[in-house]
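Asker: heads up, no residue letters with this:
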């Protein structure tokens, strides 16, 4: 069951969907999945980590999400693992 969002959250979600368009299909799918399945229920702290994640270069993100490298930032790495674990 989806949580009802405030108007501000709906606006933020639309903005994030645009920002998640990376031009790399795998990343687009992973980020879209997170927005669809987890973002609504995420605490503010995790939402902040997600915003930081979106500031990382695509090449680095791809390596993290494909498991070739890990982030030195524990919060970022934890969120990467959470997103990777979401079912397709």
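Answerer: Arrived safely, thanks for sending. None of these values were measured; they are calculated from a predicted model. Residues are numbered from 1 along each chain as shown.
Asker: contacts and neighbour counts: CA atoms only from here.
Answerer: Will do.
Asker: checking residue 26 next. Helix, strand or coil?
Answerer: Classification of residue 26 by DSSP: H, G, I helix; E, B strand; the rest coil places it in helix.
Asker: so who does it touch?
Answerer: Residue 26 sits next to residue 62 when contact means Cα atoms under 8 Å, 6 or more residues apart in numbering.
Asker: could you point out which residue ranges in this structure have low pLDDT?
Answerer: 1-4 (pLDDT under 70).
Asker: the spatially most central residue of it: which element?
Answerer: In the chain, the centroid-proximal residue (Cα atoms, centre = their mean) is residue 31; its distance is 4.5 Å. Here residue 31 sits within helix 25-37, counting by DSSP states H and E.
Asker: next, the buried residues of that helix.
Answerer: 27, 30, 31, 32, 33, 34, 35 (16 or more other Cα atoms under 10 Å).
Asker: cool, stretch 69-79 as well?
Answerer: 70, 75, 76, 77, 79.
Asker: what's the end-to-end length of it?
Answerer: 14 Å (Cα to Cα, to the nearest Å).
Asker: how close does residue 5 sit to residue 23?
Answerer: From residue 5 to residue 23 the distance is 28 Å (Cα to Cα).
Asker: just to revisit the earlier point, how far does the helix holding residue 31 sit from its chain's centre?
Answerer: Offset of helix 25-37 from its chain centre (Cα atoms, centre = their mean, to the nearest Å): 7 Å.
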